[in-house]
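Peer 1: Build me a structure from this.
(one chain, ligands or ions: 3)
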Amino acid sequence: MKTNYLNRIRQQNPLIHNITNIVVANYVANGLLALGASPIMSSAIEEMEELPAICNALVINIGTLTAEQVNAMLSAGKAANRHHIPVVLDPVGVGATTFRRQIVTRLLAEISFSAIRGNAAEMACLANADWQSKGVDVGKGEADLNEIANTLAQQYQCTVVISGEVDVVSDGRQLANIRNGTALFPKITGSGCLLSAVCGAFLAVAPQDGFNAALEACTAYAIAGELAAQPLLPQQHGQFYTALLDHLAALDSSQIHRLARISHV
Ligand SMILES: Nc1ncnc2c1ncn2[C@@H]1O[C@H](COP(=O)(O)OP(=O)(O)OP(=O)(O)O)[C@@H](O)[C@H]1O
Ligand SMILES: Cc1ncsc1CCO
Ligand SMILES: [Mg+2]
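Peer 2: Ligands and ions are numbered 1, 2, ... in the order given. Prediction:
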């Protein structure tokens, strides 16, 4: 990895607008602050036209979707496109219900996304591939995630991130696998939601370099988790939850370059 967009985040302090779920909103806001970005969480329809004018990226997360929120997402997404700020989609639990599937289809049709980030179950659902999803959790499946990432990236003309034990990043031309992380990640809620927001922060400072911005975002984030988990026992979910914030704040680019386990496929 040759980029150092982490330093750019700390210098530029991008403002990230999040329309997100009620489970993770506070954690995502703290995670963005730890990284060096600034969060604003809002889904009031009255301000969806105005916020993209003052923000550097928008992150749309459907985790606890309501009909009212859908209108806000469409309004903010279209305004973000007009202002040319990157928009990230997190299709939380999209395979779980018809409502989620219908809304994600509509968001993908009406908004131009810079990146889509989900777990294997969510991304397999978007690609109509076989997977046993389990609510918002990843479940089980055998589908080829490299192929799914590549297909979705070409279909939606954007960068695609499939997170998991191995993260897959593709823009439809380049594809990479990242083997950093810790088994503690899936033990806390919101770790994927925060990763989507972190992708938003990296894209905010490198909007023309989506693939490398997402690659550095996922690598940095997984390494922060790895370092946070190092002194912990597998049961220390709560310690990991807070240690991840500490390590996002302490992370520097030399650590990322030293610890990154990336293969270009
Ligand atoms: N088994 C694992 N080993 C190592 N790292 C993992 C593992 N599972 C997930 N991760 C890491 O966890 C982070 C979050 O990804 P994950 O796929 O778990 O998100 P998610 O399922 O959308 O989470 P949530 O919906 O709770 O926010 C990523 O950085 C990913 O690399
Ligand atoms: C647990 C949960 N339920 C809806 S959103 C969410 C946060 C993790 O995606
Ligand atoms: Mg998720």
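Peer 1: Give the buried residues for stretch 123-140.
Peer 2: Of the residues in stretch 123-140, those with enough neighbours to count as buried (16 or more other Cβ atoms under 10 Å) are 123-127, 129, 131, 133, 136, 138-139. Quick note: C-beta positions are derived from backbone N, CA and C, even for glycine.
Peer 1: swap that for stretch 220-237, sorry
Peer 2: By 16+ other Cβ under 10 Å, the buried positions in stretch 220-237 come out as 220-229.
Peer 1: pLDDT on stretch 240-253, on average?
Peer 2: If you average the pLDDT over stretch 240-253, you get 98.
Peer 1: show me what contacts the residue in the chain that ligand 3 sits nearest to?
Peer 2: In the chain, the residue that lies nearest ligand 3 is residue 192 (3.3 Å; Cβ to the ion). If a contact means Cβ atoms under 8 Å, 6 or more residues apart in numbering, then residue 192 has 90, 92, 117-119, 163 as its contacts.
Peer 1: thinking again about what came up before, I'd like a version of the buried residues of stretch 123-140 in TSV, one that adds pLDDT, secondary structure and distance to residue 206 as further columns.
Peer 2: Supplementary listing: the buried residues of stretch 123-140 in TSV, determined by pLDDT from 0 to 100; DSSP: H, G, I helix; E, B strand; the rest coil; distance: Cβ to Cβ, whole Å:
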residue	pLDDT	secondary structure	distance to residue 206
123	97	helix	22
124	96	helix	28
125	96	helix	28
126	97	helix	24
127	97	coil	26
129	94	coil	30
131	91	coil	31
133	82	strand	31
136	88	coil	29
138	86	strand	28
139	84	strand	33
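Peer 1: What is the nearest of these to residue 42?
Peer 2: For those, the closest approach to residue 42 (Cβ to Cβ) belongs to residue 136, at 22.1 Å.
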